[in-house]
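# I'd like to go over a predicted model; first the sequence, then the structure.
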Amino acid sequence: MKNPVLGVLSFLLEKILMFAKPKCTSVADKNGNMYETLVYKRGDLLEVPRTLFVHFGIYLGNNRVAHLIPDILPFLTCKKESVEKVVTNKRLIAGVLAKKASVRVDKVQDFAYGANILINAMDRHFQNNPLSNDEVAKRAEKLVGTTTYSLLWDNCEHFVTYCRYGTHVSLQTEKFCDTVKKIIRDQRSVLISAAVGIVLTLCVGVGPLTTLPSFLFTFTLWMAS
């Protein structure tokens, strides 16, 4: 005969385990890439390394990320259902050229676009401590909407550094500008530019579209070096 006490205890244990079982915190994109949203906290700075650049966003909680992204569509239409769709490469490139962007809120998997996500990796590059996570998230939420865009002076990194550290900077831009300065200061660039100009002149001939631009470019590099 089954012990009723053991039956009750078994029933209670089953219910306790059911409620104690952790909820699913994984989300997947259309390609099957998985992201564990449990490790993200509201106000975290999410970083997505890509081939040529790094994309940044602020985690708002509930699988939502605020990020600044070039986008021409919000300036061409008021249709909410069209604007809220994931930004395509064509929309992005058009936004870069038109210097138009928006701070928008997307799902983690749409923000990551198949890449791995780093959390608060920029903290080690800043001497000042980050703001409180709640303040970071509130700053990001206040900036949601259309805005201007500059590849060097007002990009996604400027957005997140302002939200998290209270300073409007881009380490990627600074690194790029330092590289350009090194190239300009290197006198070998002058010689290479002059050689290219001579080759173009010999191949195409002397003309205002070949000789003059080559001369001006080489002269500019020489004066700046």
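That came through fine.
# Name the helix or strand of the chain that has the lowest mean pLDDT.
helix 4-20 (a mean of 50; mean pLDDT, DSSP states H and E).
# by contact count, what packs against the next helix or strand after it?
Heading C-terminal from helix 4-20, the first helix or strand you meet, by DSSP states H and E, is strand 26-28. Judged by 3 or more CB pairs under 8 Å, 6 or more residues apart in numbering; DSSP states H and E, the packing partners of strand 26-28 are strand 34-36, helix 108-112. The way it works is simple: take the backbone N, C-alpha and C, and place the C-beta from them, glycine included.
# ok, residues contacting strand 26-28?
Strand 26-28 is contacted by residues 34-37, 63, 107-109 when judged by CB atoms under 8 Å, 6 or more residues apart in numbering.
# what's the spacing between that strand and its chain's center?
20 Å (CA atoms, centre = their mean, to the nearest Å).
# Let me know the helix or strand that the residue sitting nearest the centre point of the chain is in.
The centre of the chain sits closest to H55, judged by CA atoms, centre = their mean, with a distance of 1.8 Å. Element membership for H55 (DSSP H and E) is strand 54-61.
# Which element is encountered next along the chain beyond the strand or helix carrying Y162?
Remark: Y162 resides in helix 156-165, with elements defined by DSSP H and E. Where DSSP H and E defines the elements, the next helix or strand beyond helix 156-165 is helix 171-185.
# Domain ranges for this structure, per the record?
26-169, 186-224 (automatic domain parsing).
# quick one on the thing from earlier: out of the helices and strands packed on strand 26-28, which gets nearest to T179?
helix 108-112 (27.1 Å; CB to CB).
# what's in contact with that closest one?
Contacts for helix 108-112 (CB under 8 Å, 6+ apart): 27-29, 33, 35, 37, 40, 46, 48, 55, 57, 59, 63-65, 67, 86, 117.
# please redo it, this time with the cut-off set to 10 Å
For helix 108-112, contacts defined as CB atoms under 10 Å, 6 or more residues apart in numbering pick out 27-31, 33-37, 40, 46, 48, 55-57, 59, 62-67, 69, 85-87, 104-106, 117.
# Can you say which of those are buried?
The neighbour-count test (16 or more other CB atoms under 10 Å) marks 27, 29, 35, 37, 40, 46, 48, 55-57, 59, 63-67, 69, 87, 104-106, 117 as buried among the contacts of helix 108-112.
# Tell me where this structure is predicted with low confidence.
1-25, 30, 181, 183-187, 189-191, 193-194, 197, 200-202, 204-212, 214-225 (pLDDT under 70).
# quick one, what contacts the residue nearest to the centre of the chain?
Contacts of H55 by CB under 10 Å, 6+ apart are 46-49, 67-69, 111-113, 115, 117, 155-157, 160.
# Kindly report the same for G145.
G145 touches 74, 102-104, counting by CB under 10 Å, 6+ apart.
# Is there a quick PyMOL command that grabs whichever of the residues you listed are buried?
To isolate the buried ones among these in PyMOL, judged by 16+ other CB under 10 Å, type:
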select buried, resi 74+102+103+104
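# now the contacts of G145 in a markdown table, with secondary structure and distance to A195?
What follows is these, written out as a markdown table (DSSP: H, G, I helix; E, B strand; the rest coil; distance: CB to CB, whole Å):
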| residue | secondary structure | distance to A195 |
| --- | --- | --- |
| P74 | helix | 46 |
| S102 | strand | 44 |
| V103 | strand | 46 |
| R104 | strand | 47 |
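# Return the most buried member of the domains of the chain.
Most buried of the domains of the chain by mean neighbour count (mean count of other CB atoms under 10 Å) is domain 26-169; its value is a mean of 16.
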